[in-house]
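**Student:** What would the 3D arrangement of this be:
(2 chains)
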Amino acid sequence: AQKITQTQPGMFVQEKEAVTLDCTYDTSDPSYGLFWYKQPSSGEMIFLIYQGSYDQQNATEGRYSLNFQKARKSANLVISASQLGDSAMYFCAMRDWFSGGYQKVTFGTGTKLQVIP
Amino acid sequence: NAGVTQTPKFQVLKTGQSMTLQCAQDMNHNSMYWYRQDPGMGLRLIYYSASEGTTDKGEVPNGYNVSRLNKREFSLRLESAAPSQTSVYFCASREIVDGEQYFGPGTRLTVT
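**Tutor:** Residues are numbered from 1 along each chain as shown, chains lettered A, B, ... in the order given. Sure, this is the predicted structure:
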């Protein structure tokens, strides 16, 4: 079963508008963490934002916020005031536990965001 | 601080050849990871090292071996390369439970 699902392979947004990238997850662990990474065309992976499963408030980092709905198992990324430099692939990821007791991080398949001038 | 470094950046192999991808981090992190990234597949975990001296298989370990040489270095070896191993390989490291992973710049490997 998919542990991280990103249902939007590609999205367009007008510059200066807000955009929401969807992410749903599946885990039976009570303690887990959710991450979003950005991968521009140059290829590097850039950490954007983190949400812990016990965090009471939604995480925010500048123009990025994570809309965490625990009961729905969703962790959508909201980018406000889009900029041309936001054009990139965006990956949702989840940290939970290997059966052997170690942690692992599982990535979704990504959403390609294109910002239109 | 260089962060996470990977060598080489690009490599072309013939089927059956072997090679080792090198990864080093200078952040004193305990955990290190190897991922492969294929179009439409996201990143998939190949192997993982929770700490120096330990390694564990991820989702797609077949055809690979790893060595955690010391706390800084974690190498990935392809003993007999196959075209299915054509991919971009990322090394990453992390210190704490809820910490982000720091990624290297990636190695683009083509097996012909």
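**Student:** quick one: residue A:23 from chain B, how far?
**Tutor:** Computed as Cβ to the nearest Cβ, to the nearest Å, the residue A:23 to chain B distance reads 11 Å. Any C-beta I mention is one placed from the backbone N, CA and C, and that applies to glycine too.
**Student:** residues touching that residue, list them.
**Tutor:** A:4, A:5, A:6, A:34, A:36, A:74, A:75, A:76, A:77, A:92, A:108 (Cβ atoms under 8 Å, 6 or more residues apart in numbering or on different chains).
**Student:** Run through the residues that contact the fourth one.
**Tutor:** For residue A:34, the contacting residues are A:23, A:25, A:50-53, A:66, A:68, A:75, A:92-95, by Cβ under 8 Å, 6+ apart.
**Student:** of those, buried ones?
**Tutor:** Neighbour counting with 16 or more other Cβ atoms under 10 Å in any protein chain shown marks A:23, A:25, A:50, A:51, A:53, A:66, A:68, A:75, A:92, A:93, A:94, A:95 as buried within the contacts of residue A:34.
**Student:** Pretty sure the fifth one sits against residue A:25.
**Tutor:** In this case it means residue A:53. No: counting by Cβ atoms under 8 Å, residue A:53 stays clear of residue A:25, with 10.0 Å between them.
**Student:** what residues are shared contacts of the two?
**Tutor:** A:32, A:34.
**Student:** and chain B, which residues reach chain A?
**Tutor:** B:31, B:33, B:35, B:40-45, B:48, B:50, B:56, B:58, B:88, B:90, B:92, B:97-98, B:100-103, B:105-106 (Cβ under 8 Å from any Cβ of the partner chain).
**Student:** what stretches of chain B score poorly on pLDDT?
**Tutor:** Scanning chain B for pLDDT under 70 picks out B:96-98.
**Student:** Next secondary structure after the helix or strand bottoming out on mean pLDDT in chain A?
**Tutor:** The helix or strand of chain A with the lowest confidence, counting by mean pLDDT, DSSP states H and E, is strand A:103-107 at a mean of 81. Scanning forward in sequence from strand A:103-107 by DSSP states H and E, the next helix or strand is strand A:111-116.
**Student:** how many other residues sit next to residue B:54?
**Tutor:** When neighbours are defined as other Cβ atoms under 10 Å in any protein chain shown, residue B:54 has 12 of them.
**Student:** so how far is residue A:83 from the residue nearest to it when sequence neighbours are not counted?
**Tutor:** With sequence-adjacent residues excluded and distances taken as Cβ to Cβ, 6 or more residues apart in numbering or on different chains, residue B:54 is closest to residue B:68, at 7.0 Å. Residue B:68 sits 40 Å away from residue A:83, going by Cβ to Cβ, to the nearest Å.
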